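Participant: A structural model of the following input is requested.
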Amino acid sequence: MTDADALVDRVRDGELRLHELEEHADHDTAATARRRLLEDETDAGLETVGDYAFDAVEAESAIENMIGAAQVPMGVVGPVVVNDGGRGDDGADGDDANAGGAASGEYYLPLATTEGALLASVNRGLSVIRSAGGADARVTKSGMTRAPVFRVQGVAEAAETVEWVESNLESLREAAEETTSHGELLGVEPYVVGDSVYLRFAYDTKDAMGMNMATIATGKACEVVESETPADLVALSGNLCSDKKPAAINAVEGRGRSVTADVMIPGEIVEERLHTTAAAIAEANTRKNLIGSAKAGSLGFNAHAANVVGAAFLATGQDEAQVVEGANAITTMDVRPRDGAGDDEGGAESGSGDLYASVSLASLEVGTVGGGTKLPTQSEALEVLGLRGGGDPAGSNADALAEVIAVGALAGELSLLAALASRHLASAHEDLGR
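Facilitator: Next up, the predicted model:
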C-alpha cells in the first residue's frame, strides 16, 4: 500500500479530514490521495488534473485541498508597442507632465484563455497600432483600498470619529506601516451612513497587488481607531473598498492602478487594414459602448476589455476574481482632422479623418510579486514580459504590466469595433472555425 492509499483509508475511516492530509505527508502525496479518493467516489478520471509542472508545496499559499491543476491554453500577442512619451514635439526633453510611463518599447503579452479568435483579434489590433507608431500608456493613479465599517450610536459619534481620523492620519499611518516593509498609507477617506462609519484606506503597495498587505495594515489601524474614538469595528471589509464586485466607487476613485492607453491611427491605415473608416468605428463605439451601455445600466463602457484583462490575469498569476474591477473600463473613439487638412479635405466631418482611440481602466489590480505570480508558469509568463519580481524603482514593474495590459485591451477594442463597423464579426469567427 502506498502512502497515498494509506491516507485515503484514514479519510474513509474518519480519522483524517481532507484538509489535514499535508500534516501527515508531503504536499504532492496529499494531492494524490485526494485525487484517488475523488476518483473512487465519483468515477471521474483525474490523470490529467494530476499532471502538473510544479511541486505542490509551491502552491500552498495559493490554494487549499489541492488535487492538481487546471490547464488553460496560453498564447502570446505582440509585439505590444508602447511609446516612452518622454520627448516633446521639438525633440526636447518633456516636462514632468509629459514624462514617459513605466512601459517603453516592445513587449510580448502572454494570454491564457479558452475563447477562440481572441488572440487573433488582439493581434490584429496590435498590428494596426504598431503601423501607427505605437500607443501611449500611463498609470494615472495608484492605490489599493480596504474599507472597514464601524458602528456608532448616531451622527454625533460619527462626526466625532471622522474628525479624529482626519486629525490623526499620522497615527494611523504609523500603525498601518508597522505591519509591512513595503506598503505606504496614502490616505483615509471617511463615509457616514446613519450609525455606520466607513473608512476607505488607500495604500501604495509597490509591485505587489497588495490586497493582503492592505487588509493586515488596516486591521492594525482599526485597533487605534477603536481605542481613540467611540466607534466599534463591525467588519474589516465594509464593501466600500470595493473588492471583486461591480462598484461605481472604483470607476470614479479607482482601485489598484488606474491606467489609460491611447493611439492616433491615420485614416488610410484604418481603411487599408481594418476595411472601414474612422467615422464608422467612432459611431459604432458611441452607439454600442456609450449609449448602449448607458441604457443597460452598465458600469463598463467598453466592448470586451474583460477578455484581455482576464486572459492576462490567468497567464501572469493575478487574482482572477478581480477581473470584475479590471474590466471597469471606458473606451472612446473619435475622428480627428488629418494633420494639415481642413474639414473639406480629410477632416472629421468628411468621415475620412484619423482615428483617436483610447481605453481607460479605472481599477486594474495587478502585481509582479506575491500571490500567484510565484507559480512556475505564471512566473515564466512575467519573464516573457521582462517584468517578473520587484522593479527599480519599486512599483515600476507592476505599473509597466498595467500599461502593457491596457494597450492589449485597446488593441482588442479596436479590432472588435472595426469588425462590427465593417460587418465582418461573424465571418471572422467562421473563417477561424470558432
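Participant: give me the number of residues near Glu157?
Facilitator: Glu157 has 17 neighbours, counted by other CB atoms under 10 Å. All C-beta atoms are positioned from the backbone trio N, CA, C, and that covers glycine.
Participant: contacting residues for it?
Facilitator: Applying CB atoms under 8 Å, 6 or more residues apart in numbering to Glu157 gives the contacts Asp195, Thr229, Pro230, Ala231.
Participant: please check those residues and keep the buried ones.
Facilitator: Thr229, Pro230, Ala231 (16 or more other CB atoms under 10 Å).
Participant: can you show me the strands along this structure?
Facilitator: 74-82, 105-112, 136-146, 149-151, 184-193, 196-204, 232-235, 256-265, 329-336, 354-364 (DSSP state E).
Participant: which other helices and strands contact the fourth one?
Facilitator: Taking 3 or more CB pairs under 8 Å, 6 or more residues apart in numbering; DSSP states H and E as the contact definition, the neighbouring helices and strands of strand 149-151 are strand 196-204, helix 211-228, strand 232-235.
Participant: who wins for proximity to Ala303 among those?
Facilitator: helix 211-228 (27.8 Å; CB to CB).
Participant: now that closest one against strand 196-204, angle please.
Facilitator: 130 degrees (axes from the mean of the first three to the mean of the last three CA atoms, to 10 degrees).
Participant: name the residues of helix 211-228 that are buried.
Facilitator: Neighbour-count burial for helix 211-228 [16+ other CB under 10 Å]: 211-215, 217-222, 224-225.
Participant: repeat that for stretch 239-253.
Facilitator: Buried-residue list, stretch 239-253, by 16+ other CB under 10 Å: Leu240, Cys241, Ser242, Asp243, Ala247, Ile249, Asn250, Ala251, Glu253.
Participant: of the strands of the chain, which is nearest Gly391?
Facilitator: Among those, strand 136-146 sits nearest to Gly391 (CB to CB), with 12.1 Å.
Participant: so who does the residue nearest in space to the middle of the chain touch?
Facilitator: Nearest residue to the geometric centre of the chain (CA atoms, centre = their mean): Leu364, 3.6 Å. Leu364 makes contact with Gly256, Arg257, Ser258, Val259, Val309, Glu325, Gly326, Ala402, Ile405, Ala406, according to CB under 8 Å, 6+ apart.
Participant: same check on Leu236?
Facilitator: Contacts of Leu236 (CB under 8 Å, 6+ apart): Arg146, Pro148, Thr215, Thr218, Gly219, Cys222.
Participant: and the two most separated of those?
Facilitator: Going by CB to CB, the pair spanning the contacts of Leu236 furthest: Thr215 and Cys222, at 10.5 Å.
Participant: ok, Met226 touching Leu233?
Facilitator: If you look again at residue 226, you'll see it is Glu, not Met. Yes. Under the criterion of CB atoms under 8 Å, Glu226 makes contact with Leu233 at 5.7 Å.
Participant: so for the two, which residues contact both of them?
Facilitator: Joint contacts of Glu226 and Leu233 (CB under 8 Å, 6+ apart) are Phe150.
Participant: burial of Ile269, as a residue count?
Facilitator: Neighbours around Ile269, by other CB under 10 Å: 17.
Participant: can you give me the neighbour number for the nearest residue to it once chain neighbours are set aside?
Facilitator: What sits nearest to Ile269 in space, not counting adjacent residues and going by CB to CB, 6 or more residues apart in numbering, is Ser131, at 5.4 Å. Using other CB under 10 Å, Ser131 has 14 neighbouring residues.
Participant: cool, and Ala156?
Facilitator: So Ala156, with other CB under 10 Å, has 10 neighbours.
Participant: next: Gly254.
Facilitator: If we define neighbours as other CB under 10 Å, then Gly254 has 23 of them.
Participant: check the one 3 residues further on too.
Facilitator: Residues contacting Arg257 under the criterion other CB under 10 Å number 30.
Participant: got it, and Asn285?
Facilitator: So Asn285, with other CB under 10 Å, has 26 neighbours.
Participant: specify the beta-bridge partners of the nearest residue to it once chain neighbours are set aside.
Facilitator: Using CB to CB, 6+ apart and skipping the chain neighbours, the partner closest in space to Asn285 is Met333 (3.9 Å). Counting by DSSP bridges, Met333 is bridged to Ala357.
Participant: now do the contacts for Met333.
Facilitator: Met333 neighbours (CB under 8 Å, 6+ apart): Ala278, Ile281, Ala282, Ala284, Asn285, Thr286, Leu355, Tyr356, Ala357, Ser358, Leu417.
Participant: list just the nearest of these to Ala6.
Facilitator: Nearest member of these to Ala6, counting by CB to CB, is Leu417, at 58.9 Å.
Participant: pLDDT weak spots in this structure?
Facilitator: Low-confidence regions of the chain, defined by pLDDT under 70, span residues 1, 85-100, 339-352, 424-434.
Participant: for it, longest helix please?
Facilitator: helix 396-421 (DSSP state H).
Participant: that one vs strand 256-265, what angle?
Facilitator: Using the same axes, to 10 degrees: helix 396-421 against strand 256-265 is 50 degrees.
Participant: relative to strand 136-146, how tilted is helix 396-421?
Facilitator: Using the same axes, to 10 degrees: helix 396-421 against strand 136-146 is 110 degrees.
Participant: next, the angle strand 105-112 makes with helix 396-421.
Facilitator: Going by the same axes, to 10 degrees, helix 396-421 makes 70 degrees with strand 105-112.
Participant: returning to what we had before: okay if I get the buried residues of stretch 239-253 as CSV plus distance to Met264?
Facilitator: Formatted as CSV, those follow (distance: CB to CB, whole Å):
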residue, distance to Met264
Leu240, 38
Cys241, 36
Ser242, 34
Asp243, 36
Ala247, 32
Ile249, 32
Asn250, 29
Ala251, 26
Glu253, 29
